[in-house]
Every structure is written in C-alpha cells, then in structure tokens.
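> Can you look at this prediction? I've put the sequence above it.
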Amino acid sequence: MIECVRIHSYEAHSLVNGPGKRFVIWLKGCPFDCPGCFNDEARSFIGGRYISLHELEQRIVAADVHGVTLSGGEPFLQAHELVPLMRKCGRRGMDRMIYTGFNFNDLKRDAVPGARELLKETDLLLDGPYKKDIPPDGEWTGSGNQRVIALSRAGMEMKRIRRTEWVEQEYIIDPEGQTVRTGI
C-alpha cells in the first residue's frame with residue numbers, strides 16, 4: 001500500500017514560513033473555524049489532492065532546502081501519515097516546523113491520534129488557533145495567543161532567529177504563471 005497524505009498545496013522554496021529556505025506543505029482540512037484565516041481554502045475537508053510520501057520526500061530532497069514546514073489545514077489530523085516523512089527529513093539534517101490550531105498540552109496527551117509520535121519528529125511547534133483580533137507578539141506567529149515551542153536543540157536554534165532577519169510575505173509565480181501569496 002502506498003502511504004499518502006491529502007494536501008492543499010506545497011511550495012518548494014519559501015523564505016517566509018520559517019528560518020532559511022523551506023519546503024512548505026499545506027495540508028487539507030481543518031476543524032477550526034478561525035475568522036480571518038490566511039489559508040481559508042485549505043480548511044475544507046473536500047478537495048485537495050493525495051500525494052504519496054515517497055513523492056513528497058523526493059520533491060523535498062530535490063528542492064535542496066534547509067527545513068520543512070507543515071501548515072494547514074491542520075497537520076495533526078494526518079499525524080500518523082506524516083511521521084515517516086518528518087523522520088526522514090530530520091535524518092537528512094533538515095529542521096522541522098509545524099503550525100497547529102491545537103494546544104501543545106492536548107497534543108502531548110495524544111488528544112489527536114498520533115500526535116505524540118509526530119511531536120517527537122518536530123523541532124519547532126507553533127500552537128493555538130489564529131485570533132485575528134490579537135496582534136502577533138512572537139516570531140512566526142499569526143496572532144498573540146499562539147506560542148512558539150522549541151522541542152529540540154534545532155528548535156531552540158530556530159527560535160533564536162529574529163523577525164528582522166526575514167520578511168513576512170512573499171509572492172511566488174509558478175511555472176503556469178499563477179501568483180501565490182504566502183507568509184505569516
């Protein structure tokens with residue numbers, strides 16, 4: 001059986017979704033209904049596309065990036081499926097960052113099946129639902145209620161990078177001429 005995940009999209013060379021050049025995967029489907037969500041199209045559980053973990057790994061390796069960022073939709077809804085991919089990225093020396101609307105303490109208790117296992121393959125976690133009325137006050141956060149939690153030595157290093165060293169949004173033109181806006 002081929003292991004797959006359902007994604008909304010991915011970007012092979014982002015400079016705004018974490019430190020350094022990153023491969024960003026936006027998963028499909030989210031149970032949170034955050035008003036003002038930046039990734040509104042990724043929230044629906046309908047649509048998206050399935051992609052094999054092998055294909056994603058090959059694309060990540062070919063992109064020659066510093067790290068991988070999982071965003072949403074909600075990555076922890078596909079925790080079991082994502083563990084092998086994140087483990088392989090870590091073995092290749094890439095740092096791993098995840099955005100989640102879930103609370104870290106709930107994830108540690110495995111309130112979402114497979115959460116603890118995925119946390120073991122995560123260097124930096126950004127937790128909590130997006131609240132558009134609370135201005136961000138942490139690196140890479142979208143709103144002030146979200147926390148930046150280092151889960152490894154690499155995560156501690158990532159957390160030291162300051163906002164002045166990166167931009168908040170980028171516009172990418174894909175090979176078909178479509179413009180994609182991404183960022184925090």
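That came through, no problem.
> Point to the residue nearest the middle of this structure.
Taking C-alpha atoms, centre = their mean, the centroid of the chain lies closest to residue 70, which sits 1.9 Å from it.
> and the closest residue to that one other than its chain neighbours, backbone torsions?
Nearest residue to residue 70, sequence neighbours excluded (C-beta to C-beta, 6 or more residues apart in numbering): residue 98, at 4.6 Å. No exception for glycine: its C-beta is placed from N, CA and C like everyone else's. Main-chain torsions, residue 98, degrees, to the nearest 10: phi -130, psi 130.
> which residues in this protein form helices?
53-63, 79-91, 104-108, 115-119, 153-160 (DSSP state H).
> quick one: buried residues of the longest one?
By neighbour count, and taking 16 or more other C-beta atoms under 10 Å as the criterion, the buried residues in helix 79-91 are 79, 80, 81, 82, 83, 85, 86, 88, 89, 90.
> the inter-axis angle of that helix versus helix 53-63?
Angle of helix 79-91 versus helix 53-63, following axes from the mean of the first three to the mean of the last three C-alpha atoms, to 10 degrees, is 30 degrees.
> Just want the angle from helix 79-91 to helix 153-160.
90 degrees.
> Pull the distance from helix 79-91 to the chain's centre.
13 Å (C-alpha atoms, centre = their mean, to the nearest Å).
> and that helix, C-alpha only, in PDB?
Listed next in PDB are the C-alpha coordinates belonging to helix 79-91 (Å, rounded to 0.1, in the frame of the first residue of the first chain):
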ATOM      1  CA  ALA A  79      -0.200  12.800  12.200                       C
ATOM      2  CA  HIS A  80       0.300   9.100  11.700                       C
ATOM      3  CA  GLU A  81       0.800   9.600   7.900                       C
ATOM      4  CA  LEU A  82       3.300  12.500   8.400                       C
ATOM      5  CA  VAL A  83       5.600  10.800  11.000                       C
ATOM      6  CA  PRO A  84       7.700   8.800   8.500                       C
ATOM      7  CA  LEU A  85       8.200  11.900   6.200                       C
ATOM      8  CA  MET A  86       9.200  14.200   9.100                       C
ATOM      9  CA  ARG A  87      11.600  11.500  10.500                       C
ATOM     10  CA  LYS A  88      13.300  11.100   7.100                       C
ATOM     11  CA  CYS A  89      13.700  14.900   6.800                       C
ATOM     12  CA  GLY A  90      15.200  15.000  10.200                       C
ATOM     13  CA  ARG A  91      17.700  12.200   9.300                       C
END
